[in-house]
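> Fold the following for me, if possible:
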Amino acid sequence: MSTWRDDPNAIPPWNERPKCHCGFRTWLQVWTDPLPQGKKGCRFFKCPDIDDDFKACTFMQWIDTRPLGRVSLNEVETKGQYYARHTQAREEARLAREEQERVKKAALKIQEEQFQAREAQFKREAEEQKNRYKEPAQSSTTDERNKKGKFLRFTQ
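Okay, the predicted model is just below:
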């Protein structure tokens with residue numbers, strides 16, 4: 001199976017590109033200068049230099065150690081193609097983060113509802129237990145007091 005590394009006209013997938021020192025995915029280029037000798041026609045990754053802080057990033061990584069033969073300069077990635085891929089990758093990452101947040105919020109909402117349901121159940125059970133033990137105790141004490149009070153009234 002042929003990969004983009006073997007095909008001189010293939011543009012590598014976004015996620016397989018190295019990141020430069022600025023933190024951006026690199027831009028695919030073809031070396032066109034005669035020096036260094038033997039590198040003309042070799043592909044390399046370089047910093048897209050899109051950082052706005054005006055620092056020069058010198059990142060460069062060779063893909064090919066020797067020219068792969070004829071490289072079509074029409075197939076070299078243009079700055080516009082790079083920006084389009086960059087924008088698409090950022091949008092996909094943003095959507096993935098939003099989906100993760102949505103899933104996390106849904107899971108938290110379910111947990112909160114379950115917690116509230118358990119809390120309400122515990123309160124009901126505690127109230128039932130309280131009422132169960134309270135009623136017989138009140139009525140027996142009240143009855144005894146009434147009896148004692150009646151008895152005391154008759155004996156005086």
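> pLDDT weak spots in the protein?
Residues of the chain that meet the criterion pLDDT under 70 lie in 1-10, 50-55, 65-76, 134-156.
> And the strands in it, which stretches?
27-30, 43-46, 60-62 (DSSP state E).
> which other helices and strands contact the last one?
Counting contacts by 3 or more C-beta pairs under 8 Å, 6 or more residues apart in numbering; DSSP states H and E, strand 60-62 packs against strand 43-46. C-beta coordinates here come from the backbone N, C-alpha and C atoms, glycine included.
> For this protein, which segments count as helices?
Using DSSP state H, the helices of the chain run over 79-155.
> According to the record, where do the domains of it fall?
As assigned by the TED database, the chain contains the domains 1-76, 78-131.
> Buried deepest among these, which one?
domain 1-76 (a mean of 14; mean count of other C-beta atoms under 10 Å).
> In contact with the nearest residue to residue 19 once chain neighbours are set aside, which residues?
Excluding the flanking residues, the one nearest residue 19 by C-beta to C-beta, 6 or more residues apart in numbering is residue 25, at 6.0 Å. Residues in contact with residue 25 (C-beta atoms under 8 Å, 6 or more residues apart in numbering) are 14, 17-19, 48, 85-86, 89.
> rerun at 7 Å
14, 17, 19, 86, 89 (C-beta atoms under 7 Å, 6 or more residues apart in numbering).
> Relative to residue 58, which of the residues you listed is nearest.
Ranked by distance to residue 58 (C-beta to C-beta), the contacts of residue 25 are led by residue 19 at 14.2 Å.
> how close does the closest one sit to residue 106?
32 Å (C-beta to C-beta, to the nearest Å).
> same check, this time on residue 60
Taking C-beta to C-beta, one finds residue 60 at 45 Å from residue 106.
> Quickly list what the closest residue in space to residue 82 that isn't next to it in sequence is bridged to.
Excluding the flanking residues, the one nearest residue 82 by C-beta to C-beta, 6+ apart is residue 27, at 4.8 Å. Assessed by DSSP bridges, residue 27 has beta-bridge partners residue 46.
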